[in-house]
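*Asks:* Here is a sequence together with a model predicted from it:
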Amino acid sequence: MKRRLLKKILLLIVILFLGCLGTRCATPKEESKTFAKDYVHPLKEINVEKVFSENRGLKVLEENATKVYDYYRGGVQEKEEGEGLLRESKWEEARKHLEKSNRFLLVVLKYLPEDEAYRVVYEGQTVIFLPNLLIADNALKLVPVYRNLRNPDLAAQTLAEGQRYLAESEKSVKTEWAIQLKKGFEDESSRK
């Protein structure tokens, strides 16, 4: 009788163990990615185009944003739109979208102040999550816009703010993208 009970308990433990292994195999691999503190994410892995493609879809409006990820998506979408307008030399329209992008991203930073190479946002969906770096990138793009709009004081202020957000990003994640931005800030600083 005791043997029979022991066999049933062992069988139950084996079934539970195999069940746990099965569910573990079904979890997204992105969740388990870990990187050394000094690892520099290459541009082919983390870049602005990948960030844009991850956040395309239904446009997020400020009045409809309810979750931190909504604000992040909205910030990325506004950034993409602003950069498109920059390529067309539509300075004033580009400025509005890049500034709106920063407003969205500043809401994100209130709740999640650190950048992460990969963040699980919901239902196992993993995204490149770099609000500080995106604000720094926006600032670097806004500096020449402000200069073209004849506002050198705002250009200088934006340059300093962008460098601050870049430094914040580099505290938590290192990317080749950030290295490029740092060089861009140095070039802009020398143009003063």
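*Replies:* Thanks, I have the structure now. Everything numeric in this text was worked out from a predicted model, so none of it was measured.

*Asks:* Counting residues, name the longest strand you see in the chain.
*Replies:* Scanning the chain for the longest strand, with DSSP state E as the assignment, gives strand 116-122.

*Asks:* List the neighbouring strands of that one plus their orientation.
*Replies:* Sheet pairing here is set by DSSP bridges, and for strand 116-122 it gives strand 125-129 (antiparallel).

*Asks:* which other residues reach the strand it pairs with?
*Replies:* 28, 30-31, 46, 50-51, 54-55, 72, 112, 115-121 (C-beta atoms under 8 Å, 6 or more residues apart in numbering). Placement of C-beta: from N, CA and C, glycine included.

*Asks:* Mark which of those are buried, thanks.
*Replies:* Applying 16 or more other C-beta atoms under 10 Å to those, the neighbour count classes 46, 51, 54-55, 72, 112, 115, 117-119 as buried.

*Asks:* Quick one: work out the angle between the stretch of helix or strand residue 178 belongs to and strand 125-129.
*Replies:* Per DSSP states H and E: residue 178 is located in helix 176-190. Here helix 176-190 points in a direction 20 degrees away from that of strand 125-129 (axes from the mean of the first three to the mean of the last three C-alpha atoms, to 10 degrees).

*Asks:* Helix 176-190: which residues count as buried?
*Replies:* Residues of helix 176-190 classed as buried: 177-178, 181-182, 184-185, 188 (neighbour count, 16+ other C-beta under 10 Å).

*Asks:* so where do the helices sit in the chain?
*Replies:* Taking DSSP state H to define them, one finds helices in the chain at 2-25, 48-54, 68-87, 91-111, 131-148, 152-172, 176-190.

*Asks:* okay, the ones you listed in TSV with mean pLDDT and distance to residue 41 next?
*Replies:* TSV is the format used below for those (pLDDT from 0 to 100; distance: least, C-beta to C-beta, whole Å):
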stretch	mean pLDDT	distance to residue 41
helix 2-25	63	26
helix 48-54	96	11
helix 68-87	97	17
helix 91-111	97	19
helix 131-148	97	11
helix 152-172	97	11
helix 176-190	96	7
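
*Asks:* Which among those helices is found nearest to residue 38?
*Replies:* Closest of the helices of the chain to residue 38 is helix 152-172, at 11.2 Å (criterion: C-beta to C-beta).

*Asks:* And for residue 149, the neighbour number?
*Replies:* 14 (other C-beta atoms under 10 Å).

*Asks:* ok, it to residue 126 distance?
*Replies:* Distance, residue 149 to residue 126, using C-beta to C-beta, to the nearest Å: 38 Å.
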